[in-house]
Each structure stands twice: as C-alpha cells, then as structure tokens.
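Engineer: below is the sequence, then the predicted model.
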Amino acid sequence: MGLVIKTVCFARGHPLVKAEHSTTIGITTEGRMTEKGDCIVAVGCDKSPRDFQHEFKSFLRKSKRVEIELICSGISEKIVGSGSNGLSLDHEKEMVIRKSDYECPKTIAIKADKASIDLDRRLIDEIKTGKPVEMWISLHF
C-alpha cells in the first residue's frame, strides 16, 4: 500500500441542486446558488482551492489518483480522477472536478470517472434537503 494524503471539506446542500451537468461537479463557498448552476452539488463550503495547505496543493498536483468522496446523510459516492502539474488551485470560491483534462483556477481534479449527472440520485435527493455534506479528498501515491 502506498502513501495516502487526505483533507476534508464541509459544505451543505441546497434545494436548487440539480446535479445534471455531463462533464463537471462543482462545490462553492457561496451560501446560495441559482438554477443555472447545474453542476453544483454543495454550497457554503468551508474551503476553496486557495485555502488548501501549500503542501496539500503540491501533492495534489503530483497525484495520479485523486479520490473525492461526497457524503450526506450516510449516503456516499466516490469520484476518481487525477491531479496535474498544471493545476493552479488558487480560486477563492469554487472547486470543480472535471471529466476532461481542462484546467483552470477552479479545477481540483481532471479525467474524473463521474460528473454531477452520474451521481447517485439518492445522494442528490438528500443534498437537496440542505443537509450537511462532507467532501473527503484522498491523494494516492
């Protein structure tokens, strides 16, 4: 077994969560959202990419396997992607997990195996009630 480095973020759901985007999953520090946010799965997050510790950012850029687990009301879903040396990880409000290899300041993982439309609808139904959401990010080496 190799090295695993983890961090956790805390957010909450929102009644306007649709989780219908076909290529991304979004989490925001903003406390509210609009119906246009079809990739957003949680609001009011206590961290943005800018808030990650310097060492965690360095490891995230080098990680070939990034696992993000979303948990709400005991229901969890794991998303597997990759880090990249090109991630700036300096956006102050939003983090995005992408199926593609596109990188921008919001991107925390690329080449993910799921987008918001792929998430378990039982999980999304719980998130829509506004309950707390945990997001565990695990970096595997």
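Structural biologist: Perfect, I can see it now.
Engineer: longest helix in the chain, by residue count?
Structural biologist: Longest helix in the chain, counting residues (DSSP state H): helix 54-62.
Engineer: residues of that one that come out buried?
Structural biologist: Judged by neighbour count (16 or more other CB atoms under 10 Å), helix 54-62 contains these buried residues: 56-57, 59-60. Heads up, the C-betas are built off the backbone N, CA and C, glycines and all.
Engineer: what is the most widely separated pair among those residues?
Structural biologist: Farthest apart among the buried residues of helix 54-62 by CB to CB are 57 and 59. That separation is 7.4 Å.
Engineer: tell me the confidence at residue 103?
Structural biologist: If you check residue 103, the pLDDT there is 98.
Engineer: wasn't residue 6 part of a strand?
Structural biologist: Yes. The assignment for residue 6 by DSSP: H, G, I helix; E, B strand; the rest coil puts it in a strand.
Engineer: in the sheet, who's paired with it?
Structural biologist: Residue 6 forms beta bridges with residue 138, as assigned by DSSP bridges.
Engineer: quick one: residue 17 and residue 123 touch, right?
Structural biologist: No. Using CB atoms under 8 Å, residue 17 is not in contact with residue 123; the gap is 10.2 Å.
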